[in-house]
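Enquirer: Need coordinates for the below:
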Amino acid sequence: MRRLCGSAHTTESMSSVEAPVTAPEADATTAAASTTERKPSPQDSFTVQVKSEFVLNERPSCLVQEQPSSDNGGDNGTSKDDRKPNRGQNKKRPRDSKIAHADKACLAVVRGEQCPFEKSDKGCRYNHDLKEMLANRPVDISKGEGGADWLKGQCPFWKKNGYCQFGIMCRLGEDHINMGTGQNLCRTIDESGNEIIGLPKPVVQSAEASSSSEAAEKPKPGTVLKHQMDIKNVLSKETTNLLRKNKYPFVCKRHFEIKKGSKDNKDQAAPPVVTSTTPALPAKERKLIDFRDKVYIAPLTTVGNLPFRRIMKHYGADITCGEMALCEQLLKGQPSEWALLKRHPSEDCFGVQIAAGHADQFTRLAEVLANEESIEVDFLDMNLGCPLDLVCNKGAGACLMLREKKLRASLEGMLKVLNCPVTVKMRTGWNDKEPIAHHLQRNIQKWNIDGVGAFMLHGRSRLQRYSRSANWDYITEVGCSQSSEFINIPLIGNGDIFSYSDYEEKILKNVEKCGEDGGVNNLIPCAMLGRGALIKPWLPTEIKERRDWDISATERLDMLKDFTKFGLEQWGSDQQGVNRTRRFLLEWLSFLHRYVPVGMLEVVPQQMNQRPPNDLCGRSDLETIMLSKNCADWIKLSEMLLGKVPDDFQFEPKHKANSYKTITFSRATDINSTEEAGRAIGVSSVCAHTTT
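Expert: Predicted structure coming up:
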């Protein structure tokens, strides 16, 4: 029987009663034709085996209907030979337009203080007229047609701290804005324990007090914004300024500042730039990290942000690591790069990953991390695996695997400064025909550098990037290749872990296999998750509970709600913060859509290198939208969570791939009736029906 999605359900909110999708019966001819069309093909090993009742011959009606186009960037049904592989980044992807300074309120005025720049020659570039901003203020994203009702009264800062520093700019601000004057309100507790809602202190103070230097005192260097009081690893303002002005008192000199030595010195394994100019810190016990029997979330560029890592901690991850950060940008005091090192209190074991092409860059950054009291990391991960040309062309990433002298100097320099262990993340080699990880591992072991906490080996080469399956036979070989004459360093394998079965087959069995002959066995049972965590964030739970979780669409929607709340808390509840949260949510959805629910599978579990077939119909409208490969449907999901987007809004993921399709989002696309238009515009009416 042929199933169709998109029945004309109507509802008032997303919390409505769940209802399965119903479908009219197809005639025998159509059913027979459908059976005939689905013949096994050579590509079946790369396609998720889905039960026939969930595979349609046409696009489900609850999804945005596509316009045929010959230049579509995704999988358009063309043969595999005709498609060109999409790799790298979409550098010309659409971006959000910048918000003019005149459309932003002066934060001093929001706090009820006198603007320190108001009487300066140039004046303040931000708006001081709260009544004007109030008149032009858009409705909250939780209200109006297509609003995200579930966000009503959910301003994260008002709810948590009783004060939102974004004031009139907050897109969830009706609870804490005086709608008559535009002033920001503050919730306090008096001596009797009663809750009082009023204006911030500088406003209720006398005019003389409010104009005094004490009331308008500027924040001291290192002061953390109130909405990020819980966030750790925030670089102080003082250190940021020193780095920007190139005045930080580094001990380690740059490689081009060292005078050229004799020819004999050039043949030394470790350049003197690190070993002679970088004094070791006072002796302190270095606590190594025990990765054994842990679930470790690998560094994930763009999507492995702080809100995502909070989701992973909720699902049972033991160890987390920040996104890869470039030393070159960190040493310039670039705020966007230092933001990658931020840590949430829930991340009890946390590391940062850095990449550089020179030993002095690694060592200088280690000096900053060691000297900065506000920075707390449990381990530092050295990136020797990034395959991007932009990184490798600078001698960093996977290219550093080929430069052993610089690698040794980098390790020695960092571990003379840091009091935390350093882990080394690498690939099998530059190409899969000439793997070098086993040689590199033995050489690092022979250098006998104290503080190397673990090797992390991705079972693919640099040229493979993420294509083909990870080589777990080689990972096992590397795990048995360390010399018994030196201190053994744990090895963690990585690649294609997508279920508990994969963890058992690829890790646990290979750990046993590696120790069968009684020799050296350094491969440890640690579930290091990369793309598997992006596609199935609940994977740590599956591994720890040893089951395949048929998670419902409702539970997945709740997960996205949590991410949205965490995103607004991290990036702000003003328009800019909402835009950033939406963009990062959409980037994540570009991976989440690859998951096919367990209850729909013909063969369990789904494999990492398998992709869902086109035109899948889920067990509800919401599940169907979550299965869509089309960016326009992801935008519909984001509207459920963050309200409507502008009519001309477009999104294209940062990573190129053949697994998704990109079309211009339009609410009027292929809509022929008022009922269908309401379903496409008021997304909640389509998506309210979730799986049981």
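Enquirer: Please, where are all the strands along this structure?
Expert: Listed in chain order, the strands of the chain (DSSP state E) span 186-189, 195-198, 295-297, 319-326, 350-355, 379-384, 422-427, 452-458, 491-494, 527-529.
Enquirer: Would you reformat those as JSON lines and include mean neighbour count, mean pLDDT and distance to S620?
Expert: The way it works is simple: take the backbone N, C-alpha and C, and place the C-beta from them, glycine included. Conversion of the strands of the chain to JSON lines gives the following (neighbours: other CB atoms under 10 Å; pLDDT from 0 to 100; distance: least, CB to CB, whole Å):
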{"stretch": "strand 186-189", "mean neighbour count": "15", "mean pLDDT": "86", "distance to S620": "39"}
{"stretch": "strand 195-198", "mean neighbour count": "11", "mean pLDDT": "84", "distance to S620": "41"}
{"stretch": "strand 295-297", "mean neighbour count": "26", "mean pLDDT": "98", "distance to S620": "29"}
{"stretch": "strand 319-326", "mean neighbour count": "24", "mean pLDDT": "97", "distance to S620": "32"}
{"stretch": "strand 350-355", "mean neighbour count": "26", "mean pLDDT": "97", "distance to S620": "37"}
{"stretch": "strand 379-384", "mean neighbour count": "24", "mean pLDDT": "97", "distance to S620": "40"}
{"stretch": "strand 422-427", "mean neighbour count": "25", "mean pLDDT": "97", "distance to S620": "40"}
{"stretch": "strand 452-458", "mean neighbour count": "26", "mean pLDDT": "96", "distance to S620": "37"}
{"stretch": "strand 491-494", "mean neighbour count": "27", "mean pLDDT": "96", "distance to S620": "35"}
{"stretch": "strand 527-529", "mean neighbour count": "26", "mean pLDDT": "97", "distance to S620": "28"}
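Enquirer: Could you dump those strands into CSV and include distance to P646?
Expert: Conversion of those to CSV gives the following (distance: least, CB to CB, whole Å):
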stretch, distance to P646
strand 186-189, 32
strand 195-198, 34
strand 295-297, 34
strand 319-326, 28
strand 350-355, 36
strand 379-384, 37
strand 422-427, 40
strand 452-458, 40
strand 491-494, 40
strand 527-529, 36
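Enquirer: closest to W472 out of these?
Expert: strand 491-494 (6.6 Å; CB to CB).
Enquirer: Alpha carbons of that closest one, in CSV - could you do that?
Expert: Provided in CSV are the C-alpha atoms of strand 491-494 (Å, rounded to 0.1, in the frame of the first residue of the first chain):
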residue,chain,number,x,y,z
LEU,A,491,45.8,4.7,21.5
ILE,A,492,42.2,5.7,20.8
GLY,A,493,40.6,4.6,17.5
ASN,A,494,38.2,6.8,15.7
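Enquirer: Show me what it is packed up against.
Expert: strand 452-458, helix 472-479, strand 527-529 (3 or more CB pairs under 8 Å, 6 or more residues apart in numbering; DSSP states H and E).
Enquirer: Could you rerun that using 7 Å?
Expert: Strand 491-494 is packed against strand 452-458, helix 472-479, with contacts defined by 3 or more CB pairs under 7 Å, 6 or more residues apart in numbering; DSSP states H and E.
Enquirer: Of these, which is nearest R580?
Expert: strand 452-458 (29.1 Å).
Enquirer: Export the closest one to PDB, keeping only CA atoms.
Expert: Taking C-alpha atoms only, strand 452-458 is exported to PDB below (Å, rounded to 0.1, in the frame of the first residue of the first chain):
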ATOM      1  CA  VAL A 452      51.800  12.900  26.100                       C
ATOM      2  CA  GLY A 453      48.400  11.700  27.300                       C
ATOM      3  CA  ALA A 454      47.100   9.700  24.300                       C
ATOM      4  CA  PHE A 455      47.200   9.200  20.600                       C
ATOM      5  CA  MET A 456      43.900   9.500  18.700                       C
ATOM      6  CA  LEU A 457      43.900   7.900  15.300                       C
ATOM      7  CA  HIS A 458      41.300   8.500  12.600                       C
END
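Enquirer: Columns distance to Y466 on top of the helices and strands packed on strand 491-494, output as TSV?
Expert: Output for the helices and strands packed on strand 491-494, formatted as TSV (distance: least, CB to CB, whole Å):
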stretch	distance to Y466
strand 452-458	9
helix 472-479	15
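Enquirer: To F54, which of the ones you listed lies closest?
Expert: helix 472-479 (31.2 Å).
Enquirer: the inter-axis angle of the closest one versus strand 452-458?
Expert: Put simply, helix 472-479 runs at 160 degrees to strand 452-458, going by axes from the mean of the first three to the mean of the last three CA atoms, to 10 degrees.
Enquirer: Quick one: low-confidence residue ranges for this protein.
Expert: Applying pLDDT under 70 to the chain flags the ranges 1-44, 66-91, 201-229, 258-284, 517-519, 656-692.
Enquirer: how about 80 then?
Expert: 1-45, 65-96, 190, 193, 200-230, 256-285, 515-520, 648, 654-692 (pLDDT under 80).
Enquirer: Quick one: end-to-end distance for stretch 488-496.
Expert: 26 Å (CA to CA, to the nearest Å).
Enquirer: and what of stretch 370-382?
Expert: 16 Å.
Enquirer: now stretch 538-555, how far from the chain's geometric center?
Expert: 20 Å (CA atoms, centre = their mean, to the nearest Å).
Enquirer: Give me the buried positions along that stretch.
Expert: For stretch 538-555, burial by neighbour count (16 or more other CB atoms under 10 Å) applies to W538, L539, P540, T541, E542, I543, K544, W549, I551, S552, A553, T554.
Enquirer: out of the residues you listed, who's nearest I635?
Expert: Using CB to CB, the buried residues of stretch 538-555 come closest to I635 at A553, 17.7 Å.
Enquirer: Surely the closest one and I625 touch.
Expert: No: contact criterion CB atoms under 7 Å: A553 and I625 do not qualify, at 8.8 Å.
Enquirer: Now for these two: what residues contact both?
Expert: Common contact partners of A553 and I625 (CB atoms under 7 Å, 6 or more residues apart in numbering): none.
Enquirer: Next, the buried residues of stretch 112-124.
Expert: Neighbour-count burial for stretch 112-124 [16+ other CB under 10 Å]: G112, E113, Q114, C115, C124.
Enquirer: For A437, list the residues it contacts.
Expert: Taking CB under 7 Å, 6+ apart, we find A437 in contact with M426, T428, G429, L457, V478.
Enquirer: which ones are touching L400?
Expert: For L400, the contacting residues are G357, L384, K406, L407, by CB under 7 Å, 6+ apart.
Enquirer: of all these, which comes closest to Q650?
Expert: G357 (35.4 Å).
Enquirer: For the closest one, grab the count of nearby residues.
Expert: Number of residues near G357 (other CB atoms under 10 Å) recorded here: 21.
Enquirer: Correct me if wrong: it contacts G397.
Expert: No: the criterion here is CB under 7 Å, and G357 misses it with G397 at 8.5 Å.
Enquirer: Compare the strands of the chain and give me the one nearest R364.
Expert: Nearest of these (CB to CB): strand 350-355, 11.0 Å.
Enquirer: Please identify the pairing partners of that closest one and their relative orientation?
Expert: strand 319-326 (parallel), strand 379-384 (parallel) (DSSP bridges).
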